[in-house]
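> my questions are about this predicted structure, shown below with the sequence.
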Amino acid sequence: MEYIGYFASIIIGLSLGLIGGGGSILTIPILVYLFKIDPELATSYSLFIVGITSLSGCISHYRMGNLQIKAALYFAVPSIFSILIIREVIFPQIAETLFSIASYQVSKSFLIMIVFSLLMMAASISMIRKSKEVSTTGKTNYIQLGVIGFFVGIVTGFLGAGGGFLIIPALLFFAKLPMKQAIGTSLLIIFINSAIGFGGDLYIGTPIDYGFLLIISGIAFIGMLIGTQLSKRIDSSQLKPIFGWFVLIMGMYIITKEIFFT
């Protein structure tokens, strides 16, 4: 299964490079089911992998003129606060066993995977739906951008997910960015959020296998390079529905496996 996991890791970067999100949606299932990593630790690993892969994408998009730094900071700063609150204050307080039903114990790991699968299905619906044309003219609503940033930080903190599928619509609607700039700016926000979340995990002493992380990140980086180059030639709106159906099927698989086959 590990060999399949290494191969699947390229899709993490490919997704981030092509559509500016979706990478972390795949990272957790790959780590948990193909590499047999504990879900709680997988959220930390996901932050590292998605963060460093997003950074490489940021550099490419910066060269293409697709980064809007001001919008990214207004979004990312509130996210930082919510990420730190979740990962360093709330998350460690959650008991390993939440409650029992008859002889069945509901664990923290089970909760993480169930919530994550629901997030995957929500993300898939937003990808499958045909996007409405968004006006890129008008005044940027920085207050709403910051509020959404705070809530995306909660998702990132709890699940180790970058939240690209939430960030891009926010940048389109409230920052009035064109799609290409929304994708590039999304990668910058994902990098900032992931770096803060992973740094917090290091601070509290989370055990990290850096050799493994660098290998997976390197493979994802290759996918990112391919995806970024393809994004110059392919309309990302054509790929999102296909990727959305794939994510929906994976989300349904996770729920089924966790409830009936764990």
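Yep, it's here.

> now do the buried residues in the helix or strand hosting residue 110.
In this assignment (DSSP states H and E), residue 110 forms part of helix 108-128. By neighbour count on 16 or more other C-beta atoms under 10 Å, the buried set for helix 108-128 is 108-113, 116-117, 119-121, 123-124, 126-127. In short, each C-beta sits where N, CA and C put it, glycine included.

> centre of the chain versus that helix, how much separation?
When C-alpha coordinates are averaged (C-alpha atoms, centre = their mean, to the nearest Å), helix 108-128 and its chain have centres 11 Å apart.

> export that helix to PDB, keeping only CA atoms.
Taking C-alpha atoms only, helix 108-128 is exported to PDB below (Å, rounded to 0.1, in the frame of the first residue of the first chain):
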ATOM      1  CA  LYS A 108     -10.900  11.100  18.700                       C
ATOM      2  CA  SER A 109      -9.400   9.500  15.600                       C
ATOM      3  CA  PHE A 110     -12.900   8.400  14.500                       C
ATOM      4  CA  LEU A 111     -14.200  11.900  15.000                       C
ATOM      5  CA  ILE A 112     -11.400  13.400  12.900                       C
ATOM      6  CA  MET A 113     -12.000  11.100  10.000                       C
ATOM      7  CA  ILE A 114     -15.800  11.400  10.100                       C
ATOM      8  CA  VAL A 115     -15.600  15.300  10.200                       C
ATOM      9  CA  PHE A 116     -13.000  15.100   7.500                       C
ATOM     10  CA  SER A 117     -15.200  13.000   5.300                       C
ATOM     11  CA  LEU A 118     -18.100  15.400   5.700                       C
ATOM     12  CA  LEU A 119     -15.700  18.200   4.700                       C
ATOM     13  CA  MET A 120     -14.700  16.300   1.600                       C
ATOM     14  CA  MET A 121     -18.300  15.900   0.500                       C
ATOM     15  CA  ALA A 122     -19.000  19.600   1.100                       C
ATOM     16  CA  ALA A 123     -15.900  20.500  -0.900                       C
ATOM     17  CA  SER A 124     -16.900  18.100  -3.700                       C
ATOM     18  CA  ILE A 125     -20.300  19.700  -4.000                       C
ATOM     19  CA  SER A 126     -18.700  23.200  -4.400                       C
ATOM     20  CA  MET A 127     -16.400  21.700  -7.100                       C
ATOM     21  CA  ILE A 128     -19.100  19.800  -9.000                       C
END
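
> who are the packing partners of that helix?
helix 23-29, helix 39-63, strand 97-101, helix 142-159, helix 164-173, helix 236-260 (3 or more C-beta pairs under 8 Å, 6 or more residues apart in numbering; DSSP states H and E).

> distance of residue 82 from residue 74?
Distance, residue 82 to residue 74, using C-beta to C-beta, to the nearest Å: 14 Å.

> poorly predicted segments of the stretch 1-150 of the chain, please.
1, 19-24, 102-103, 130-138 (pLDDT under 70).

> would residue 105 count as being in a helix?
No: judged by DSSP: H, G, I helix; E, B strand; the rest coil, residue 105 forms no part of a helix; its state is strand.

> how much space between it and residue 117?
To residue 117, residue 105 is 19 Å away according to C-beta to C-beta.

> now do residue 169
Using C-beta to C-beta, one obtains 21 Å as the distance from residue 169 to residue 117.

> go on, residue 126?
15 Å.

> okay, the helices and strands packed on helix 108-128, which one's buried deepest?
helix 23-29 (a mean of 28; mean count of other C-beta atoms under 10 Å).

> list the contacts of residue 97.
Neighbour list for residue 97: 105, 106, 107, 108 [criterion: C-beta atoms under 8 Å, 6 or more residues apart in numbering].

> in which helix or strand does the closest residue to residue 69 other than its chain neighbours reside?
Distances taken as C-beta to C-beta, 6 or more residues apart in numbering place residue 188 nearest to residue 69, at 7.5 Å, with adjacent residues excluded. Using DSSP H and E, residue 188 maps to helix 179-203.
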